[in-house]
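Enquirer: For reference, the sequence and a predicted model appear below.
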Amino acid sequence: MTTNSGLPRMRTIRQAAEETGLAVYFLRRLVREKKVAYVTAGRKILVNLDSLVKFLCEGEGAEV
């Protein structure tokens, strides 16, 4: 589930929370526990939306 350019869909934690309807603190916890793929860009944390959706669909057994 990537865009046409082949790049992953990355969002800040706030943007991901708005798009998914999840709480910001919950997304921060998933990142802290390394349950979803993310990268840091300066002080920003960018969450991979495809990884987040996969985690939400498959639960704890999902691979990052």
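Expert: Received it, and whenever you're ready, just let me know what you need.
Enquirer: centre of the chain versus the helix or strand where Gln15 lies, how much separation?
Expert: Take DSSP states H and E as the rule and Gln15 turns out to sit in helix 13-20. Centre-to-centre, helix 13-20 and its host chain are 9 Å apart (Cα atoms, centre = their mean, to the nearest Å).
Enquirer: Give me the contacts around it.
Expert: With contact meaning Cβ atoms under 8 Å, 6 or more residues apart in numbering, helix 13-20 is reached by 11, 22-24, 26-28, 31, 45, 47, 49, 52, 56. Placement of C-beta: from N, CA and C, glycine included.
Enquirer: do stretch 24-31 as well
Expert: Under Cβ under 8 Å, 6+ apart, the answer for stretch 24-31 is 13-14, 16-17, 36, 38, 45, 47, 52, 55.
Enquirer: since we're on the closest residue to Lys35 other than its chain neighbours, how many residues are nearby?
Expert: Leaving out its chain neighbours, the residue that sits closest to Lys35 by Cβ to Cβ, 6 or more residues apart in numbering is Phe55, at 5.7 Å. If you count neighbours by other Cβ atoms under 10 Å, Phe55 ends up with 19.
Enquirer: Many thanks, we can stop here.
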